[in-house]
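> Structure, please.
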Amino acid sequence: MIQIRRAADRGHFDHGWLDTRHTFSFGDYQDPRHMGFRSLRVINEDRVRPGEGFGTHGHRDMEILSYVLEGGLAHRDSMGNGSVISPGDVQYMSAGTGVRHSEFNASQKEPVHFYQIWLLPNANGLTPRYGQKRFDDAEKRGTLRLVASGTDEDGAIGIRQDARIYASVLDAGESATLDLAPGRHLWAQVLRGSASVNGRTLAAGDGLAASDEKSFRFEGGEKGTELLVFDLA
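Presented below is the predicted three-dimensional model:
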């Protein structure tokens with residue numbers, strides 16, 4: 001079974017400093033039909049004005065990933081980490097028993113455009129931890145590059161959930177394939193451009209959920225695509 005979540009149907013708020021779109025229920029956007037998919041709980045697409053950002057706030061018992069498309073995102077947290085997340089970086093924070101952090105646009109001139117993704121952890125009350133790795137476009141072009149995984153193989157960031165997260169950059173007509181093991185589920189999120197997933201056309205911001213399907217073919221649209229693919233228990 002395949003279902004498509006169109007970009008235009010997502011929750012949307014323009015706060016002035018922040019333009020945000022929610023694939024699943026989040027904050028003031030609540031829709032009981034869209035509470036997540038398997039362990040995937042949040043997919044937020046955020047655009048933050050220069051010099052603005054999310055002040056220090058807390059999380060617990062959540063696996064949090066940030067993926068920047070344009071600009072730079074300045075991160076600080078109560079574990080002592082501080083960095084600027086740039087396009088090509090994948091940042092990971094396991095909130096565990098509790099962590100406080102802030103995320104600000106690192107530029108005073110240019111906006112930052114990024115996705116924030118939350119997954120439920122495989123256990124609560126764990127010690128918080130942090131990770132950040134770079135995956136250049138060359139690694140993602142024409143293939144599905146594993147960037148995060150519950151087993152941290154192939155140089156991926158290790159996360160606390162039975163999930164495998166791939167990033168891909170496909171030129172027009174270029175394709176990549178993925179076979180799922182029995183009982184697994186798939187979510188594909190198009191970050192920019194357009195793509196075809198098993199013949200279904202997706203635009204930027206669209207998501208696709210699939211269960212009881214084994215094989216997938218991802219193809220770049222007319223102007224190519226960048227997308228994330230989640231293999232979930």
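
> Longest strand in this protein, by number of residues?
strand 215-232 (DSSP state E).

> Relative to A233, how far out is A95?
Distance from A95 to A233, counting by CB to CB, to the nearest Å: 20 Å. Heads up, the C-betas are built off the backbone N, CA and C, glycines and all.

> burial count for D31?
13 (other CB atoms under 10 Å).

> again, but for W187
Neighbour count of W187, defined by other CB under 10 Å: 22.

> what do you get for the one 5 residues further on?
Neighbour count for R192, taken as other CB under 10 Å: 17.

> packing partners for the host helix or strand of it?
Following DSSP states H and E, the helix or strand that holds R192 is strand 185-197. Contacts defined by 3 or more CB pairs under 8 Å, 6 or more residues apart in numbering; DSSP states H and E place strand 185-197 against strand 63-70, strand 200-203, strand 207-210, strand 215-232.

> Partner strands of it and their direction?
Note on strand 185-197: by DSSP bridges, its sheet partners are strand 200-203 (antiparallel), strand 207-210 (antiparallel), strand 215-232 (antiparallel).

> just to revisit the earlier point, between A95 and A233, which one's more packed in?
Per other CB under 10 Å, whichever of A95 and A233 has more neighbours is A95, with 21 against 14.

> neighbours around the spatially closest residue to that one that is not a sequence neighbour, how many?
Spatial nearest neighbour of A95, excluding adjacent residues (CB to CB, 6 or more residues apart in numbering): H59 at 4.0 Å. H59 is flanked by 17 other residues according to other CB under 10 Å.

> Would you check how far apart H59 and H113 are?
Relative to H113, H59 is positioned 22 Å away (CB to CB).

> ok, now A195?
Computed with CB to CB, the distance linking A195 and H113 is 18 Å.

> Have a look at those two and say which one is more surrounded.
Of the pair A195 and H113, A195 is the one with more neighbours under other CB under 10 Å, namely 26 against 19.

> That one against E222, yeah?
No - the criterion here is CB atoms under 8 Å, and A195 misses it with E222 at 10.4 Å.

> List the contacts of the residue nearest to A95.
H59 is in contact with 93, 95, 98-99, 101, counting by CB atoms under 8 Å, 6 or more residues apart in numbering.

> Fine by me, thanks again.
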